[in-house]
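A.B. asks: The amino acid sequence is not available; the structure is as follows:
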């Protein structure tokens with residue numbers, strides 16, 4: 001297993017070089033001119049030529065990429081073309097942290113709700129409750145985020161004034177009792193984006209757990225556990241659930257990689273200054289260094305999270321770990 005991990009990690013720089021060079025070449029030779037973006041409203045050919053020379057855009061593409069790469073490995077992804085005076089790292093990482101907070105809480109809720117629902121639907125297979133649960137979940141999954149958010153904002157923010165209409169205040173806010181005791185409570189800005197995030201997510205988890213749990217429920221060791229008189233809750237959580245988790249590990253890997261990527265529609269509609277909204281703004285304004293840094297970071301996180309998911313297979317199912325050691 002250790003040799004396998006080392007081989008996968010050795011491939012990571014190769015993948016990042018391929019992804020970053022492809023994105024770099026598209027930014028330099030694709031539609032739009034980085035020099036025109038950096039120059040703003042200036043259209044004087046002399047000034048444009050000077051900007052091109054100052055930023056090294058007149059050098060061969062391989063030389064430009066090498067200069068960018070030597071800085072990127074030190075954490076310097078360049079300067080934003082649009083927001084002058086700010087480095088890409090200054091703009092990118094704070095927004096990435098906002099999206100990561102929201103995504104992590106949503107991920108916890110997705111699995112905390114989806115796994116029990118899937119086990120319940122599998123246990124009730126053959127009754128009218130099973131299709132009722134699955135039908136409700138499919139309906140919730142089919143409703144787009146663009147349709148979910150406006151009614152929530154209208155009801156809870158505009159009509160009832162219970163929640164703010166948008167923005168971000170962190171995961172927790174402090175509620176003071178008699179100005180002496182501080183109690184952390186979920187921030188009001190958290191509820192509406194969490195609903196929009198989690199509705200489609202826990203539906204997919206529940207359906208996957210239901211399918212795998214239905215297969216596990218037919219195994220001999222599960223029937224033996226019931227014949228021994230174990231409580232049904234014990235059978236489900238001690239025997240069925242652990243053996244239903246292996247397909248779910250893949251979902252966890254993809255979900256973890258999506259945490260820092262943010263959600264374009266949720267962040268845009270609710271005015272959350274996260275990485276999804278910021279990356280979309282960078283694409284529309286052709287802020288090339290921001291786009292390039294986002295692509296490289298997202299690619300690295302995606303590869304590492306999938307590697308972590310593959311390693312988790314061995315923890316969930318020891319047979320995989322034994323097979324890897326023999327190979």
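C.D. replies: Noted; the coordinates are in hand. Computed from a predicted model, the values in this text were never measured in an experiment.

A.B. asks: If you count neighbours, what's buried in the helix ranked longest in the chain?
C.D. replies: Identified as the longest helix of the chain according to DSSP state H is helix 88-123. Using 16 or more other Cβ atoms under 10 Å as the test for burial, helix 88-123 gives 88, 91-92, 95-96, 98-103, 105-107, 109-111, 113-123. Bear in mind the C-beta positions are built from the backbone N, C-alpha and C, glycine included.

A.B. asks: report the angle between the axes of the strand or helix carrying residue 175 and helix 88-123?
C.D. replies: Residue 175 is part of strand 172-177, with elements assigned from DSSP states H and E. Interaxial angle of strand 172-177 relative to helix 88-123 (axes from the mean of the first three to the mean of the last three Cα atoms, to 10 degrees): 80 degrees.

A.B. asks: avg pLDDT for the longest helix of the chain?
C.D. replies: Averaging pLDDT along helix 88-123 yields 87.

A.B. asks: Stretch 299-318 now?
C.D. replies: Average pLDDT, stretch 299-318: 75.

A.B. asks: for that stretch, the distance to its chain's centre please.
C.D. replies: 15 Å (Cα atoms, centre = their mean, to the nearest Å).

A.B. asks: Likewise for stretch 6-26?
C.D. replies: In terms of Cα atoms, centre = their mean, the centre of stretch 6-26 is set 20 Å apart from its chain centre.

A.B. asks: Residue 270: what's its closest spatial neighbour, skipping adjacent residues?
C.D. replies: Closest residue to residue 270 apart from its sequence neighbours, by Cβ to Cβ, 6 or more residues apart in numbering: residue 166 at 4.3 Å.

A.B. asks: A strand includes the one you found, no?
C.D. replies: No. Assignment of residue 166 by DSSP: H, G, I helix; E, B strand; the rest coil gives coil, placing it outside any strand.

A.B. asks: can you pull the contacts of it?
C.D. replies: 153, 189, 269-272 (Cβ atoms under 8 Å, 6 or more residues apart in numbering).

A.B. asks: From those residues, keep the buried residues only.
C.D. replies: The buried subset of those - by 16+ other Cβ under 10 Å - is 153, 189, 269-270, 272.

A.B. asks: Considering the residues you listed, which is situated nearest to residue 249?
C.D. replies: Comparing the buried ones among the contacts of residue 166 against residue 249 with Cβ to Cβ places residue 272 closest, at 29.2 Å.

A.B. asks: So which of the contacts of residue 166 belong to strands?
C.D. replies: Among these, no member falls in strands (DSSP state E).

A.B. asks: Among these, which are located in helices?
C.D. replies: The helices, defined by DSSP H, take in residue 269 from the contacts of residue 166.

A.B. asks: Relative to residue 245, which of the contacts of residue 166 is nearest.
C.D. replies: Nearest to residue 245 among these is residue 272, at 31.6 Å by Cβ to Cβ.

A.B. asks: Not counting sequence-adjacent ones, nearest residue to the closest one?
C.D. replies: Take residue 272 and drop its neighbours on the chain: the residue closest to it by Cβ to Cβ, 6+ apart is residue 168, 4.7 Å away.

A.B. asks: pLDDT score for that neighbour?
C.D. replies: So, for residue 168, pLDDT stands at 86.

A.B. asks: who's in contact with it?
C.D. replies: By Cβ under 8 Å, 6+ apart, residue 168 lies in contact with 98, 102, 189, 271-274.

A.B. asks: Now tabulate those residues in CSV and tack on distance to residue 225.
C.D. replies: Formatted as CSV, the contacts of residue 168 follow (distance: Cβ to Cβ, whole Å):
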residue, distance to residue 225
98, 45
102, 40
189, 45
271, 51
272, 46
273, 51
274, 45
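
A.B. asks: Within the helices and strands, which one has the spatially most distant residue from the centre of the chain?
C.D. replies: Largest separation from the mean C-alpha position in the chain: residue 46, at 44.2 Å (Cα atoms, centre = their mean). Following DSSP H and E, one finds residue 46 within helix 45-54.

A.B. asks: average pLDDT across that helix?
C.D. replies: For helix 45-54, mean pLDDT rounds to 77.

A.B. asks: now swap in stretch 28-42 and tell me
C.D. replies: For stretch 28-42, the mean pLDDT works out to 69.

A.B. asks: Over to stretch 176-195?
C.D. replies: Rounded mean pLDDT across stretch 176-195 is 83.

A.B. asks: buried set for it?
C.D. replies: Across stretch 176-195, burial judged by 16+ other Cβ under 10 Å covers 187, 189-190, 192-195.
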